[in-house]
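A.B. asks: Attaching a predicted model along with its sequence, questions to come.
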Amino acid sequence: MSERHSTMAPRSAARRTSAILGAVALLGTTGLTAAHADSAPSPKAPGLYGTADPKFDGVFRQSLAFLAQNAAGVSPAPEAVDWLAGQQCADGGYPGFRADTGKPCDAQKGEFTDNTAAAVQALAAVGGRGEQVKKGLDWLTAHQNADGGWGMGPGENSNANSTATAIGALAAAGKDPARITAKSGKSPYDALLTFQLGCDAKADDQGAFGWAPQNGQLTADNSASAASSLAALGKGYLVPAAGKDNKPVQPLDCKQGKAAKDPQAAASAAAAYLVKKLDATGDHLESSMPGAPKGPDFGVTADAVTALAAGGHREAAAKPLKWLESKDAKAVQWAKGDSGQGDPGRLAKLVLAVHAAGGDPGDFAGTDLVAQLNATGPKPASTPAQQEEKKKEKGTTFGVWWFVGVCLVAGIGVGFLLSGRKKKQP
């Protein structure tokens, strides 16, 4: 879920709290505490990844976990997939977490775009859940705003992060986001590009994306820029591993206009902004969320790696990835979470970033991120090692039966030969 604070001006304080704590749980933002919670921790359900209270981020972290496992060739356990599918509300939307799936969802306050879009991406990746994917897409299209974008939930004004996550869901389900238009005729890209800062912004912020206008003004936001750059490319959280070629970033051409004219140009301009921010700190990004503590933001830095790699900017992605992998960064420690047992959302972000950049998430700073992620949930249905072992067993079995078959055929041939000789004897 996107990082935001109380200036989002959502429909209610409850929604505001849900969005904030979802970001805290997933991204590890320490500027906000559990004092914002309005009830006791929710019980852990069978099939759910992670041991932390799932009240605000259960669906989102489960979805990211599936996508990261898919990137690593891991198939999640059936009960884990059942858990995520079972969290879906009757109308297709998803909340942060449903402790009692027998209780109807609050369609106006309990369902969110980011959760729904993330779950659609995850279920599309694991396969076999076409009904839930369709219902999720139907919910998204039913709540698309007139500007072509999406807000945090029904009736909310559009914002860059929610719109980006929805674009990723459409793409993951095989839909062309450009063709999913509101009644006004506007597409998700029409909305997304309105959140990009143009040439009238200060030089360091040109090409950046803002979450949404506050008091009529857009403010450059690192999280929104990474998410929007990825979405402008028509991609979700799971992207193919980068190839060997490197594509340089292209900042806004302020001699020709004040804004990018198409999604591809917008994506590259956002990537150029991210590179500038990375160069300013040397190797990482910091949170743009007001009130967040100063210092590196591991989650947003990982998102930037994924976005840069998705755009073909291999060299630009390598720099922050190298920082994340360094001992000084302590990204692996961050991914373990407060409990030290492994935070599935954080681990998934690192796995997706390493995979996108062409690295090996099974050997990241000497740590097997995939194994740690798998350990936070039910035992996977299969892993690449198990799949390879099955192939070997199948090959061995085939070889044995082939040999037996040859021997049988040879034996039958010898039998016919001997039988023929006996018949010829006087």
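C.D. replies: Thanks, I have the structure now.
A.B. asks: Any figure for the gap between Ala160 and Leu67?
C.D. replies: For Ala160, the distance to Leu67 under the criterion Cβ to Cβ, to the nearest Å works out to 20 Å. C-beta: built from backbone N, CA, C; applies to glycine.
A.B. asks: ugh, typo on my part, it should be Asp283
C.D. replies: To Leu67, Asp283 is 25 Å away according to Cβ to Cβ.
A.B. asks: which of the two has more neighbours?
C.D. replies: Taking Asp283 and Leu67 together and counting by other Cβ atoms under 10 Å, Leu67 has the greater number of neighbours (26 against 17).
A.B. asks: Which helix or strand contains the more buried one?
C.D. replies: With elements delineated by DSSP states H and E, Leu67 resides in helix 58-71, which encompasses its position.
A.B. asks: Please work out which residues outside the next helix or strand after that helix touch it.
C.D. replies: The element immediately downstream of helix 58-71 (helix or strand, assigned by DSSP H and E) is helix 78-86. Surrounding helix 78-86, the residues in contact under the criterion Cβ atoms under 8 Å, 6 or more residues apart in numbering are 45-49, 59, 62-63, 66, 101, 119, 122-123, 126, 128-129, 132, 377-378, 381.
A.B. asks: nearest spatial neighbour of Glu325, skipping sequence neighbours?
C.D. replies: Using Cβ to Cβ, 6 or more residues apart in numbering and skipping the chain neighbours, the partner closest in space to Glu325 is Ala365 (4.7 Å).
A.B. asks: I should have written Pro54 there, sorry.
C.D. replies: Using Cβ to Cβ, 6+ apart and skipping residues adjacent in sequence, the residue nearest Pro54 is Phe97, 4.6 Å away.
A.B. asks: so what's that neighbour up against?
C.D. replies: Listed by Cβ under 8 Å, 6+ apart, the contact set of Phe97 reads 42, 54-59, 87.
A.B. asks: nearest to Gln250, of the residues you listed?
C.D. replies: Proximity of the contacts of Phe97 to Gln250, judged by Cβ to Cβ, is greatest for Asp57, which lies at 35.1 Å.
A.B. asks: what about that closest one, neighbour count?
C.D. replies: Taking other Cβ under 10 Å as the criterion, the count of residues near Asp57 is 28.
A.B. asks: Surely Leu193 is in contact with Ala266?
C.D. replies: Yes: counting by Cβ atoms under 8 Å, Leu193 sits close enough to Ala266 to count as a contact (5.4 Å).
A.B. asks: can you give me the end-to-end distance of stretch 276-290?
C.D. replies: The distance separating the two terminal residues of stretch 276-290, taken as Cα to Cα, to the nearest Å, comes to 20 Å.
A.B. asks: List the buried residues for that stretch?
C.D. replies: Neighbour-count burial for stretch 276-290 flags 276-278, 283-289 (criterion: 16 or more other Cβ atoms under 10 Å).
A.B. asks: in these, which two residues are the furthest apart from each other?
C.D. replies: Between any two of the buried residues of stretch 276-290, the greatest separation by Cβ to Cβ is 20.3 Å, found for Asp283 and Met289.
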